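> how does the following fold in three dimensions:
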Amino acid sequence: MRSTGLHGRSVVVTGGGSGIGRAAALAFAGEGARVLVADLDREAAEGAVEEVRAAGGEARAVVGDLSEQPVVDRVVEAAVTEFGGLHVLVNNAGIMDRFSAAAETDDAEWDRVLRVNLTAPFLLTRAALPHMLAAGRGALVFTASEAALRGSAAGTAYTASKHGVVGLVRSLAVMYRAHGIRANAIAPGGTATAIRVDARPDTHGPAVLGAHAGNMGRIAAAEEQAAAIVFLASDAAAHVNGAVLPVDDGWSAV
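Residues are numbered from 1 along each chain as shown. Alright, predicted model coming up:
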């Protein structure tokens, strides 16, 4: 069996305290990677680190809002200083919107969703790139969404943010492929995580989106999404670059 090439590698997983991120942190640790868990929730981040260590892996946590540059700088500095570099960055952290249509989306909802889902991954990627360029290799993996592939899976802010993630991934793939850096994304469908949608049922957005919910298919386990993330970061995907991989039980094919 071909090696994943992840043993001893330094991996940052954002949103690593719960859901897909936590499952990914454990999966990378299982491949022998050193994992930095970045999360807004201290208890969740430290819990994930403890779980990795209990399984014999190496991990540490950095806590803070990843849409703020000082927090981004701390994440990258910790990975480089403590783990000897930054070889894989998993931009997984994200939040949902309220399924709001454009006319119902206020400035606060738009700004927060775009900051967390698109600006934060950009800031982290920008900070990670000099280290990957110096090393001559690197893997960037993003958690996009089924909402990145269509207009009927979430509200306006979330949909726009995830379409933006796909654009960022494809730009990175073109700009840095000659430097040994790959950028890819998964596009999860329905997945069993703790993420919640504070939808307003009496508004236009949820009423429209509800008509499309029947196409979702089977709900995935977080570990199924994590397996796809690890694959895209691994040497098994050495020639995969600029891809958006649906992990959605065929929802995107409907």
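> so for this protein, the centremost residue is which one?
Asn92 (1.7 Å; Cα atoms, centre = their mean).
> now do the contacts for that residue.
13-16, 20-21, 24, 142-143, 229 (Cβ atoms under 8 Å, 6 or more residues apart in numbering). The C-beta positions use only the backbone N, C-alpha and C, and glycine is treated the same way.
> one more time with 6 Å
14-15, 20-21, 143 (Cβ atoms under 6 Å, 6 or more residues apart in numbering).
> please apply the same query to Val12.
With Cβ under 6 Å, 6+ apart, Val12 has these contacts: 36, 79, 89.
> got phi/psi on it?
The phi/psi pair for Val12 (degrees, to the nearest 10) reads phi -100, psi 130.
> same question for the one 4 residues further on.
Dihedral angles of Gly16 (phi, psi; degrees, to the nearest 10) stand at phi -80, psi 0.
> following the helix or strand of the chain with the lowest mean pLDDT, which helix or strand comes up?
Lowest mean confidence among the helices and strands of the chain (mean pLDDT, DSSP states H and E): helix 204-209, at a mean of 76. Scanning forward in sequence from helix 204-209 by DSSP states H and E, the next helix or strand is strand 220-221.
> that next one: what's the following helix or strand?
Sequence-wise, the next helix or strand downstream of strand 220-221 (DSSP H and E) is helix 222-233.
> distance between that following helix and the chain's centre?
10 Å (Cα atoms, centre = their mean, to the nearest Å).
> in stretch 189-206, which residues are buried?
189-191, 193, 199, 203, 205-206 (16 or more other Cβ atoms under 10 Å).
> what helices or strands is the lengthiest helix in the chain leaning on?
The longest helix of the chain (DSSP state H) is helix 156-176. Helices and strands touching helix 156-176, by 3 or more Cβ pairs under 6 Å, 6 or more residues apart in numbering; DSSP states H and E, are helix 107-114, strand 181-188.
> tell me the buried residues in the first one?
Residues of helix 107-114 classed as buried under the neighbour-count rule (16+ other Cβ under 10 Å) are 109-110, 113-114.
> following the chain past it, name the next helix or strand.
Heading C-terminal from helix 107-114, the first helix or strand you meet, by DSSP H and E, is helix 120-135.
> pull the residues that contact that next one.
66-67, 72, 76, 80, 86, 89, 91, 138, 179, 181.
> same check on stretch 37-55?
So stretch 37-55 is contacted by 13-14, 16-18, 22, 25, 29, 35, 59, 61-63, 65, 75 (Cβ under 6 Å, 6+ apart).
> pick out the most distant pair among these.
Ala29 and Asp65 (24.6 Å; Cβ to Cβ).
> compare neighbour counts for those two and give me the winner.
Ala29 (25 against 13; other Cβ atoms under 10 Å).
> so that one makes contact with Leu36?
No: Ala29 is not in contact with Leu36 according to Cβ atoms under 6 Å; the separation is 11.0 Å.
> what comes up buried for stretch 239-254?
240-249, 251-252.
> just for the stretch 1-150 of the chain, where's the confidence low?
Scanning the stretch 1-150 of the chain for pLDDT under 70 picks out the ranges 1-2.
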